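Asks: pasting the structure only:
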Ligand code: JFZ
């Protein structure tokens, strides 16, 4: 953010922290699902001597991988794989049911990843699902099935296309390049308007592949396109990864105003302190393996996040006003990885029991706890305890000047009333006052558990 505002013509088009009902619903989602599905799902992370295995490799990028055992014409082989795309077990209703049972309130679905293959029958390119043996519109099935379950749909859309001759990484220079890239821009606009027209139920777009100099040079076009999309689809939600201003500033314009409705930079990472967010709306998207969003056959030899890891990330996100979006990479037949099935089920069981602490909650103005994460709804305070103290006393710190402090406590699951008392530790240690919640004798919990407290004025 500059000391003095500078001139920005193609800056932010929307106010910070929109107050309309659609955006308010976004803030209340809590948990979302991401799905990466496409031609790369057929290949998984190993195909004909090409390997996208290990910590950093991402299977949806397998087209870009090479190596000594790769076929010479690997990219061409990949670009013809869609002729085998015929997912015999694909059932969008089954996915939607699983997402619902997991507790997801929104889904982000890859309609077209970097390889350019469209999972809907787009009129603007032949490289699409209608040319595969499967033929049917996958995006429509996903949109309909999730909508029927009451789950809001966001469409993932990669701008960057690896095999599109009109796409280039660098800013177009020659007249020929300019002509080609202009074609590409209009093609992109057509596809987006086509999606809005075909799938009017969607709540937003999740843009990706917008980092190249070519797209960055098209700031006037992308500014007008964002405007047009919003006019065509009132309430549309777009993250900060769509475009940049004329100074090349991405996510935020040169005056620090967010480009879009929520911060879209939290990709496989989470904020540590609430203050980092400066009040922005945000979500975090997360893989179960270290990296890799598309189907990975083999999960051995890498650390894959556990249900407890993921619940921790969910509640950490909620405690800082963010949504947590967990990625799934179904295989080429349309089946989730068995481990994903298991995790979805386990998350769902926990989320169902502790829903009150997860949905429609906000950041609580208490001193962050090392034992877990606070969330708040009105005068209800929740502490989800991940690190249970050996003495069974959950000590809570409230700033000395706090308007509201915990007055009563109970276990969220089961409702057992707990003893809560001010902790007079006989020392003026810091800026806090302390309250102790005593866990009942014999209390056991396999996973994190939630303390529900009533907030009131300090005595
Ligand atoms: C992108 C894709 O390249 C990837 O395949 C996947 O779809 C993911 C969700 O998005 O990867 C990114 C994009 C942006 C960042 C990191 C990885 N980023 O801003 O740090």
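Replies: Structure received. What you see is a predicted model; the values in this text were computed from it and never measured.
Asks: Going by C-alpha atoms from here, please, whenever you check contacts or count neighbours.
Replies: OK.
Asks: Show me what residue of the stretch 201-350 of the chain gets nearest to the ligand.
Replies: residue 265 (5.0 Å; Cα to the nearest ligand atom).
Asks: Got the phi and psi for that residue?
Replies: Taking degrees, to the nearest 10, you get phi -90, psi 0 for the backbone angles of residue 265.
Asks: Can you give me the distance of it to residue 387?
Replies: In this structure, residue 265 and residue 387 are separated by 28 Å, where distance is defined by Cα to Cα, to the nearest Å.
Asks: The residue of the stretch 201-350 of the chain closest to the ligand is in contact with residue 241, isn't it?
Replies: Yes - counting by Cα atoms under 8 Å, residue 265 sits close enough to residue 241 to count as a contact (7.5 Å).
Asks: What count of nearby residues applies to residue 73?
Replies: The burial count assigned to residue 73 is 8, neighbours taken as other Cα atoms under 10 Å.
Asks: quick one: contacts for it?
Replies: With contact taken as Cα atoms under 8 Å, 6 or more residues apart in numbering, residue 73 is in contact with no other residue.
Asks: Please say which of residue 265 and residue 241 ends up with more neighbours.
Replies: Taking other Cα under 10 Å, residue 265 and residue 241 do not tie; residue 241 has more neighbours (22 against 16).
Asks: doesn't residue 183 make contact with residue 166?
Replies: Yes - under the criterion of Cα under 8 Å, residue 166 is in contact with residue 183, at a separation of 6.8 Å.
Asks: So these two - more neighbours on which side?
Replies: Comparing residue 166 with residue 183 by other Cα under 10 Å, the one with more neighbours is residue 166, at 17 against 14.
Asks: what about the nearest residue to that one once chain neighbours are set aside, how many neighbours?
Replies: What sits nearest to residue 166 in space, not counting adjacent residues and going by Cα to Cα, 6 or more residues apart in numbering, is residue 180, at 4.9 Å. For residue 180, the tally of surrounding residues (other Cα under 10 Å) stands at 16.
Asks: Quick check: phi and psi on residue 180?
Replies: Main-chain dihedrals, residue 180, degrees, to the nearest 10: phi -60, psi -50.
Asks: From residue 281, how far off is the residue of the stretch 201-350 of the chain closest to the ligand?
Replies: Spatial separation of residue 265 from residue 281 under the definition Cα to Cα is 11 Å.
Asks: Overlap in contacts, those two.
Replies: Overlap between the contact sets of residue 265 and residue 281, as judged by Cα under 8 Å, 6+ apart, is nil.
Asks: Could you check which residue of the stretch 1-150 of the chain lies nearest the ligand?
Replies: The nearest approach of the stretch 1-150 of the chain to the ligand comes at residue 60, 5.7 Å away (Cα to the nearest ligand atom).
Asks: Tell me how far the residue nearest to residue 166 lies from residue 172.
Replies: Residue 180 sits at a distance of 8 Å from residue 172 (criterion: Cα to Cα).
Asks: Tell me who's in contact with the nearest residue to residue 237 once chain neighbours are set aside.
Replies: Taking Cα to Cα, 6+ apart, and ignoring the residues beside it in sequence, residue 237 has residue 204 as its nearest neighbour in space, at 4.4 Å. Under the criterion of Cα under 8 Å, 6+ apart, the contact list for residue 204 reads 153-155, 236-238.
Asks: tell me how far the ends of stretch 204-218 are from each other?
Replies: Taking Cα to Cα, the first and last residues of stretch 204-218 lie 22 Å apart.
Asks: can you check stretch 295-305 too?
Replies: Distance across stretch 295-305, first residue to last, is 16 Å (Cα to Cα).
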